[in-house]
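Q: Here is my input; please provide its structure:
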Amino acid sequence: MMEATSNPVPDPARQSRPCPLQAALATRPSIESYDPFCRVALSLFRFIGAAYATGASDCWEAAYRFADEAPGIADSPLLVARAAALVRILRSGRPCELCFMPPSCRRLSKDEAELMRLLAVARSEQPGELGSVVCQFVGSGNEDAATRAVNALACC
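A: Numbers count the residues shown, from 1 in each chain. Alright, predicted model coming up:
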């Protein structure tokens, strides 16, 4: 009698493929790749995004409290106002909502990564580059307002 041996031949169709979500998250920058000011701004964007998404005033209070407690911020109410102005401008010129992660998340959504890119370019003081980056991210007609808002936030 012949016994069947269990020596499976690898089937390429059944080999595990990386999860598309894991692959996308692995290529996105994490919050640690930004300087302290950008991390504060990102948290503010997230609190403000949550306020718009939920309508809860607690989110606004959390934004102000977070800015008050952040080291190195001289005028926290102005910083929150400038971050809110930028979010408001971006929301008005886009066909879809901005995607914000929860404030405690270490990863960035695609929109957050673009916001961080805008802020980094504005803080590097390269005006020509900022204009092209803003045009890629902002809807038509809001480029000037968004550029002013990003520059104002970067100067806080």
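Q: quick one, helices of this structure?
A: Using DSSP state H, the helices of the chain run over residues 20-27, 36-54, 57-69, 76-92, 110-123, 127-137, 143-154.
Q: For those helices, could you give me a markdown table that also reports mean pLDDT?
A: Formatted as a markdown table, those follow (pLDDT from 0 to 100):
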| stretch | mean pLDDT |
| --- | --- |
| helix 20-27 | 57 |
| helix 36-54 | 94 |
| helix 57-69 | 96 |
| helix 76-92 | 94 |
| helix 110-123 | 91 |
| helix 127-137 | 80 |
| helix 143-154 | 91 |
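Q: And for the closest residue to residue 79 other than its chain neighbours, the neighbour number?
A: Nearest residue to residue 79, sequence neighbours excluded (Cβ to Cβ, 6 or more residues apart in numbering): residue 156, at 4.7 Å. For glycine as for every other residue, the C-beta is placed from the backbone atoms N, C-alpha and C. Per other Cβ atoms under 10 Å, the neighbour tally for residue 156 reads 18.
Q: ok, now which ones touch residue 156?
A: Applying Cβ atoms under 8 Å, 6 or more residues apart in numbering, we find residue 156 in contact with 73, 75, 78-79, 82.
Q: Then residue 71?
A: With contact set as Cβ under 8 Å, 6+ apart, residue 71 has these partners: residue 36.
Q: Look up phi and psi at it.
A: Main-chain torsions, residue 71, degrees, to the nearest 10: phi -70, psi 140.
Q: Next one: it, what pLDDT does it get?
A: Predicted confidence (pLDDT) for residue 71: 91.
Q: Quick check: the gap between it and residue 138.
A: From residue 71 across to residue 138, the span is 31 Å (Cβ to Cβ, to the nearest Å).
Q: export the helices of the chain to a markdown table and tack on mean neighbour count?
A: Converted to a markdown table, those look like this (neighbours: other Cβ atoms under 10 Å):
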| stretch | mean neighbour count |
| --- | --- |
| helix 20-27 | 10 |
| helix 36-54 | 20 |
| helix 57-69 | 16 |
| helix 76-92 | 19 |
| helix 110-123 | 19 |
| helix 127-137 | 15 |
| helix 143-154 | 20 |
